[in-house]
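Student: I'll drop the sequence and a predicted model, then ask my questions.
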Amino acid sequence: MLDALKKFFKGLSGEQEQEGRFSEDDERLAVAALMFHIITVDGEIGQQELDQLKRILQQQYDLSDDDTQELMDLARERDEDSVDLYRFTSVLKRKLEPEQRLRVIEILWEMGFADGSVHEFEDNTIWRVAELLGVSSRDRMELKQKVAHRQGGNNS
């Protein structure tokens, strides 16, 4: 009971308990939440999209299966709780160099193409994220072409 009250008051004061190895200000969590947002924005989450999400997170951040699952669970939770993309892009803009931000956009395109083609909502979301990260339209479209070519996806 006392622990529940402490947690409640910490929540009211804006404090976060550290329950894992991914803090609110961790760029890995911000990227994972954006990736999760991309695969949910069209209203359908396929197993191939979840598999792609897991694969990319493990490769990009050299995570164990347990850490990857924790990150995916937190990303889903943060995305569901979020009202906009700024919560995630502000962390990335502050912590990542411009070339690292390009890699984030490339990863988002990989998520968009995970099911074979990019839905218009995914395309629009990646455009908005790119704008918030300061990635040019030209770079965004070049990355889309690169990923489409690599994955053999429909570039629509």
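Tutor: Happy to help now that I have it. Numbering: from 1, shown residues only.

Student: any idea how far residue 38 is from the closest residue to residue 46 other than its chain neighbours?
Tutor: Excluding the flanking residues, the one nearest residue 46 by Cβ to Cβ, 6 or more residues apart in numbering is residue 115, at 5.2 Å. Every C-beta, even on glycine, is put in place using the N, C-alpha and C of the backbone. Between residue 115 and residue 38 the computed distance is 11 Å (Cβ to Cβ, to the nearest Å).

Student: all helices of the protein, in order?
Tutor: 2-13, 27-40, 47-61, 65-81, 86-95, 98-112, 120-133, 137-151 (DSSP state H).

Student: tell me how far residue 57 lies from residue 139.
Tutor: Taking Cβ to Cβ, one finds residue 57 at 23 Å from residue 139.

Student: higher neighbour count, those two?
Tutor: residue 57 (22 against 16; other Cβ atoms under 10 Å).

Student: residue 89 - nearest residue in space that isn't next to it in sequence?
Tutor: residue 132 (3.9 Å).

Student: rewinding a little: give me the neighbour count for the residue nearest to residue 46.
Tutor: Around residue 115 there are 19 residues (other Cβ under 10 Å).

Student: same check, this time on residue 55
Tutor: 13.

Student: per-residue pLDDT of it, please?
Tutor: What the model reports for residue 55 is a pLDDT of 95.
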